[in-house]
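Enquirer: need a 3D model of the sequence below.
(chains A and B)
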Amino acid sequence: MAKASNLTRTDLDSSFESYLSVSSRTSNRSLRVAEKERRKSQTGDPFVLALKYFSEVEAGTPCSGNDVLERNLVLVERVGLSRGLPPEAISVMLDYAMSLRMGGVMCVRVLKFLIPATVVPQEAVVRAVSWLCVGKIAISTQVLFLRWVLTVFDMIDSKDHLRAIYGFIFSFVTEESLSPYICHLLYLLTRRESVRPFRVRKLLDLQTKMGRQPFLLLLLSLYKVFYPELVTLALPSRMRSGFKNHNSTWKVALSAVQKRNNGQVSSDISLTLGLKDKTNSRKRKFHHLELPSLSSSIQSNSSSRSRKVFPLEQLHSFPQLLDNLHCIELPSQMGSLLGSSLALCYLDYVQDDSAFLRLNFWLGHALHEEFLFCSGDGGSGSSSEALHFLNRLLSTQHFLQEGFSSTEGFLYKFLNVWDGSLLRPQILGLLSDIPVVPSSCISQLLFEPLMQLFFTSTLFFKCSVIDCLNSMLLKWLTWHSVYALEDGLDISLNSHTPMNMTLSGFMDSVMELVRFVGRLATVGLQLEGCHSLLLSFILDFYETVCDMFLKYGLPLVVMPPVGVFYPALFATDPVSVDRLGYIMYRYKKNLTSAKCQQQETKQAFHISRQTYQEFNHYLLFMVSCLWNSKMFLPGMAIEVDQELLALSKVPEPWTSFDLIHHPAFLGCALDFHHKCWPERKDIDLNSIKAGKQWDWYPEFLFSQGFQGLQQFVQSSINRRSAAGINGQRGSQPTNSYWLHHLENNIFP
Amino acid sequence: MEERNSTEKTPCNNALAQRRSKSYRQSMRSCVEATHLAYTSGLLTALRIPRSRKAPKSRDITKQVDPDQVALLVKKEWQLSYVTPFYQFRHTQLKSYSKQLSAFIVSEKQQGLAIEVGQELGFKVNFSVVLGLAETDKDAETVFIQILSKQAFAAKDDAQKVVWSGWLTCVNGDLDYLRSLPLEFVSLPLFCTRGPESLTVLVKSWFEKTFDCCFGPLGINSTNLQWLASLWTGCHPTINIQYLKLVWTLPTLPPMDVTYTVHPQDAWELWDSMRQVDTTEDSISIDEVTGFIKGLQSHFFRHFRIDLSAGSLMQISTALGSSHHSGKIKIASPNYIPTILQLLTECALLKMPI
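Expert: Got it, this is the predicted structure:
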């Protein structure tokens, strides 16, 4: 013993230096601090002197009545509890205490103020453990030391040397009062290579002696993670909470120091266990909706025993994932991945066919059993578990930005039996995630069941279906815009294999989808009396459709059907008309640039003449209706017999949908009228059409927030300056003022 | 790139391995394949339901299969389940599976007590292969599992008592489906069990944890019961079926069970008259089966004025075996095992989620 302590003392000076260099090497951040310390030491800092005292003090020096000791101890204690001790101080003091140079009382006192300021050098801990092996320290002090190690475990600068003495630490496990702490420490240190059959057997022996102690079971459960073929156990749910915290002695001081040092070292004081706690779902006979818990697989273990592997169970942070990306082992049940976003990151990265197949088998089975076979407890589809499950599935798919193929397959079946209300947001959410469906089967798989549901359901269902199809289209288009380019998919490229969907195949699918929504919208609007909520969702959809070329690079322009265009134009709410204006403006932009590109590249795609004609029709009608107060004329899209119009007894029916008389803007017109002529009692809206007011009126409308209308007007209507016209032919009949033309607006 | 090439060369081998990939083309591919396989609800699945079967031929199965093992399978009632393909199941590892399953059962029974794998325990599990039941080279060999319990106070050489048994099988499974599975997967879709439910649950849960598969209950619908009735009746000339018993449940209030027992000779004659329609000797069509059942029903109607077609067929039994709607089957004669197992394998494969 004396020899050992001698040895230590002679080594101390040099090792002190090396600690300094270690600490400055390991953490660059503390470089500055270390520098400062060194400068201080040169000037004879009392703290450094005190440390020097503790590193050099002889064994057996009396401690009672020792003023020097007391002075130095108080000094270090104060620093420790207020600022925390630097790494070199920790190792000096720990060695001083554990070597029992001045007895056990001192040891306890020192341990209590060993609060690290930055990190704990692992060599200090290793040395202290070696003192533990000498076996002179009182059991209660040993426990205190172990609790200290557990408390500062995350601050130990590296753990490889500690792991190297795993066997020594393990030998303490038989010591009854140390056992809980040793098990905890081992739990933190255990790597795959430290799990050995003889250790398993030792722990099992202890288990027979001591009974089902949680600490033993937790360590064994970790062993099971690494070697499920060596040991097996089922943890009761009450034991899943993990080890107790042993940091009570240092907790307050440590957190104070850490707060003071402004979180320089992010240490998690609570060393809690990553064991997944079981969801408190009510007991069910069938658990197909329960996520399996993450556990390593026996299979791959036995096959790759030599290879270094990192079980997903041990994965707790993203940096960990990056460090171990090459050796991560997939769990025994792929369904467990659904609960962890880290694991999903990995899954997305590996792109393992069998892994996806396993996941799809599990997912498909759960969905089928719960919603199609209903073999559980009589189809408890509405239960909160089903809701929870689907929400989790949805968030997983959104995380991966893609739908699973088993979800897709399930949905095609489920749509045929769905009542349209069960878990509607979730089902529609999943539906919007399905990948592009080939146009040959899209109608049978998707449209027919959806159509039946759509026409027999409430307004809100109709809205959510349109919304769902809109987000489906958005996702398809996003895929296309990202991956078509990536794959170098040329527009003129033809298919190489039947498995690849060509651009034309993709366009067919999109076309089918847009047309289908067009049909749904037409009939839906009729059924619901052009409800403005439904109209709003439909216009959402067309806002996506009109920008397919410019936003997503898809050479396809599809105009809305008349059943959508006219209800939107004649809508009673200004928002719909305004949005229609925006949509027409975007159509124009898309068509113009498509035409430009077509002329430039010659060989490019072909947008049919019919599309241009449809657009021209709509544009002409919209301008003449809103601006030129012309309607129902022969040759226009809507023709009404003059006699029939006369029967309606509406005066000047052709003006009834211009910007002034349009029911959507009537309020604005009245407002404007009132602002122009505040004193006038009789309201004559037609007077807005005269003179400067007609110039001001659109500006007034735009100022009310009708941006879409503004863009439409500015892009499609060339107004002659009213003032100029006024000056030239001031007494012309009003109507000819509004001869705005559509030059360059009509596509040939 | 290499991988993609290989998949293109052998498309059918990988049809199931739907790579959930972000690539534009691949996502297309998986989607197209999916639709080829089983994605259309009624239509394509219906194609996989056979409309005709081979007539059962009496065959001495004991020539291919160990008679002792056959004896384990017959004359017992089994509860049926289906199971999705096993990942990394190896017929060569059965010994280690035995150890692991027994340790698993003990550790589950004694919550919170760690168990060393391989030590002597209160339970002993035997995995064994039943060679010879597979009909094609794509069928995986049948696996038989027995759980034996050690009596606490039994004498040393006392035989251990079998407390649970079960087997996993695949007979004449759909070739396209089996071929489409990647090599790491083994499909033994039909799981028959006998013994306490608690042990069944544990065994299933061990399989799920070890081979990443999922179990579900497998019922036998009335169409399949009718098939069985016809197949068994057709055997009458070779083996006396002694009786044909059918149990219907009629949706009256309260529900009415009708047990209808037919003399074997009468049943056979009716069946034979149906068979006249068909020209080919070897196969039986679904029309003949429905015709046979309709004949039985109309006979019943003539006597009792009860239309059995309004109810559902719940159970059929003959001396060759019996079968219940809820997924119970008993095969009494070893001679027709493959025929019955093929039908049940079909039912199980139809339950596969992908």
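Enquirer: A:A521 against A:F565, yeah?
Expert: No: if you go by CB atoms under 8 Å, A:A521 and A:F565 don't touch, sitting 10.3 Å apart. Every C-beta, even on glycine, is put in place using the N, C-alpha and C of the backbone.
Enquirer: the two - which one has more neighbours?
Expert: Remark: of A:A521 and A:F565, A:A521 carries more neighbours, 26 against 22, as counted by other CB atoms under 10 Å in any protein chain shown.
Enquirer: make sure I have this right: the more buried one is in a helix.
Expert: Yes: in this structure, A:A521 lies within a helix as judged by DSSP: H, G, I helix; E, B strand; the rest coil.
Enquirer: near chain B at all, stretch A:362-376?
Expert: Yes: Stretch A:362-376 is in contact with chain B by CB under 8 Å from any CB of the partner chain, via A:W362, A:L363, A:G364, A:H365, A:A366, A:L367, A:H368, A:E369, A:F373, A:S375.
Enquirer: over to stretch A:507-527?
Expert: No: Stretch A:507-527 is not in contact with chain B by CB under 8 Å from any CB; minimum separation 9.4 Å.
Enquirer: for that stretch, which residues meet the burial criterion?
Expert: Buried residues in stretch A:507-527, counted by 16 or more other CB atoms under 10 Å in any protein chain shown: A:507-510, A:512-514, A:516-518, A:520-522, A:524-525.
Enquirer: what is the nearest of these to chain B?
Expert: Nearest to chain B among the buried residues of stretch A:507-527: A:S509, at 9.4 Å, using CB to the nearest CB.
Enquirer: next one: the closest residue to chain B within the stretch 251-400 of chain A from A:L390, what distance?
Expert: Residue of the stretch 251-400 of chain A nearest chain B, by CB to the nearest CB: A:G364 (2.7 Å). Distance of A:G364 to A:L390, computed by CB to CB, to the nearest Å: 14 Å.
Enquirer: same check on A:V108?
Expert: Taking CB to CB, one finds A:V108 at 57 Å from A:L390.
Enquirer: and what of A:L146?
Expert: Separation of A:L146 from A:L390 (CB to CB) stands at 47 Å.
Enquirer: how about A:E176?
Expert: Distance from A:E176 to A:L390, by CB to CB: 50 Å.
Enquirer: residues in contact with the residue of the stretch 251-354 of chain B found nearest chain A?
Expert: At 2.7 Å from chain A, B:P353 is the closest residue in the stretch 251-354 of chain B, using CB to the nearest CB. Shown in contact with B:P353 (CB atoms under 8 Å, 6 or more residues apart in numbering or on different chains): A:N360, A:F361, A:L363, A:G364, A:H365, A:L367, A:H368, A:S406, A:G409, A:F410, B:T84, B:C214.
Enquirer: centre of the chain to the host helix or strand of the fifth one, how far?
Expert: Right, the one you point to is A:H365. In this assignment (DSSP states H and E), A:H365 forms part of helix A:353-367. On the basis of CA atoms, centre = their mean, to the nearest Å, helix A:353-367 is displaced by 22 Å from the centre of the chain it belongs to.
Enquirer: pLDDT (mean, whole number) over it?
Expert: Mean pLDDT, helix A:353-367: 89.
Enquirer: cool, and stretch A:638-645?
Expert: Here the average pLDDT along stretch A:638-645 is 78.
Enquirer: tally of neighbours for the closest residue to A:M98 other than its chain neighbours?
Expert: Nearest residue to A:M98 in three dimensions, chain neighbours excluded: A:W131, at 3.8 Å (CB to CB, 6 or more residues apart in numbering or on different chains). By other CB under 10 Å, 22 other residues sit near A:W131.
Enquirer: then stretch B:82-94 to CSV, C-alphas only?
Expert: The C-alpha trace of stretch B:82-94 is given here as CSV (Å, rounded to 0.1, in the frame of the first residue of the first chain):
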residue,chain,number,x,y,z
TYR,B,82,-52.6,-17.5,-41.5
VAL,B,83,-49.2,-16.0,-41.2
THR,B,84,-47.3,-13.6,-43.4
PRO,B,85,-43.9,-14.9,-44.8
PHE,B,86,-41.1,-15.4,-42.3
TYR,B,87,-38.0,-13.3,-42.6
GLN,B,88,-34.8,-15.3,-42.4
PHE,B,89,-36.4,-18.5,-41.3
ARG,B,90,-34.0,-21.4,-41.8
HIS,B,91,-34.9,-25.1,-41.7
THR,B,92,-31.4,-25.8,-40.6
GLN,B,93,-31.7,-23.7,-37.4
LEU,B,94,-34.6,-25.7,-35.8
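Enquirer: what residues go with each domain of chain A?
Expert: A:42-230, A:310-372+A:383-432, A:435-558, A:586-718+A:735-747 (the TED database).
Enquirer: could you work out the end-to-end span of the second one for me?
Expert: Its first and final residues considered, domain A:310-372+A:383-432 spans 36 Å by CA to CA, to the nearest Å.
Enquirer: next one: stretch A:413-432
Expert: Using CA to CA, the two ends of stretch A:413-432 sit 15 Å apart.
Enquirer: buried set for it?
Expert: Buried, per 16+ other CB under 10 Å, within stretch A:413-432: A:413-415, A:418, A:420, A:423-424, A:426-432.
Enquirer: ditto for stretch A:162-179
Expert: A:L162, A:R163, A:I165, A:Y166, A:I169, A:F170, A:F172, A:V173, A:L178, A:S179.
Enquirer: let me know the helix or strand that the first one is in.
Expert: Taking DSSP H and E as the criterion, A:L162 maps to helix A:160-164.
Enquirer: give me the packing partners of that helix, helices and strands only.
Expert: helix A:122-134 (3 or more CB pairs under 8 Å, 6 or more residues apart in numbering or on different chains; DSSP states H and E).
Enquirer: skip ahead from the helix it packs on and say which helix or strand is next.
Expert: Per DSSP H and E, the first helix or strand lying C-terminal to helix A:122-134 is helix A:139-151.
Enquirer: elements contacting that following helix?
Expert: helix A:104-112, helix A:122-134, helix A:179-189.
Enquirer: residue ranges with poor pLDDT in the stretch 301-450 of chain A?
Expert: A:301-308, A:375-382 (pLDDT under 70).
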